[in-house]
Structure formats: C-alpha cells, structure tokens
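In: Build the 3D model from these lines:
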Amino acid sequence: MAKKSFGCRRAYPKSRNDDWPMHIYRPAVRPEDIVCRAKNCCDSKTNVRNGCANVIASIALAEASVAHILNAEGEKIQKTLELASEPGEVIAVNRSVSETVRHIARLEQILCEKLALAKETLEQSHCAD
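Out: Below is the predicted model:
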C-alpha cells in the first residue's frame, strides 16, 4: 500500500478497503502509512518538550480542581454538623464524602501515572537537558 501524505492533526487516511464506507470501517493507522510534510514537526525535540509541558500543565489543573473539591467536601461536613438534627443525616453525608474521597484517590493514582509517563517520555527522548 502506498504511503499517504497529509499534515499533522488535520486529516485521516482513507479506508484500507475502499469498498467499505468510513463510518463502518475505520482501521487503525499504522505509523508507516503516514508521511508528515510539516516542517520541524515530528522529529523536533521542541514538540516533545511542549507536549510534556502540556501534560504536566493539565495535571496541575486537575490537582487544583481536586483541591477545590476536597475543600467543598470539608465545608459540606461542617455545614451538616451545624444543621443536622439526626445522626442519620450526618452518617449519610459522611458516606457521600467518603465515596467522593475514594474516587479522588483513584484520580490521584491516575494523575501520578500520567506524570510518570511524561517524565519517562522526556527521558527517552533525551530532552531532559
């Protein structure tokens, strides 16, 4: 099969089987099927650094969001303790907050893995200098 040429992030290769419409059959793109004609695009250390910087920035934004969520959950508990008339109300809010914290803990694990991958990518591309 001949290599297809198109700019980065703009186009997708045609179906390998031209008898099938694209919305039914969309094969995985193999790297050898793509030729990038954009200058300084695919082989540039700058793009690796920028990509990793964007990943790290997204992790920082997610961490800021997590901090706000945890703060809101703490305020929820404080307000419940002020206004609750029955122990059952406090227990229900505590369960809700506990579930939220469990989900946040999983998110933190994912963010940690994402950061480790960004670090590994920088080290493998020799861009860490």
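In: From here on, just use CA atoms for contacts and neighbour counts.
Out: Fine.
In: Strands of this protein, start to end?
Out: 4-5, 34-35 (DSSP state E).
In: Could you chop this structure up by domain?
Out: 1-41, 45-124 (automatic domain parsing).
In: Would you single out the least confident of those?
Out: Per-stretch mean pLDDT for the domains of the chain is lowest at domain 1-41 (a mean of 47).
In: so how many other residues sit close to residue 94?
Out: When neighbours are defined as other Cα atoms under 10 Å, residue 94 has 16 of them.
In: all helices in the protein, in order from the N-terminus.
Out: 45-83, 87-124 (DSSP state H).
In: what's the angle between the shortest one and helix 45-83?
Out: Using axes from the mean of the first three to the mean of the last three Cα atoms, to 10 degrees, the inter-axis angle of helix 87-124 relative to helix 45-83 is 170 degrees.
In: counting contacts, what elements does helix 87-124 pack onto?
Out: helix 45-83 (3 or more Cα pairs under 8 Å, 6 or more residues apart in numbering; DSSP states H and E).
In: Which secondary structure elements does the helix it packs on sit against?
Out: helix 87-124.
In: mind checking the backbone torsions on residue 85?
Out: In terms of degrees, to the nearest 10, the main-chain angles of residue 85 are phi -100, psi -20.
In: From residue 98, how far out is it?
Out: 21 Å (Cα to Cα, to the nearest Å).
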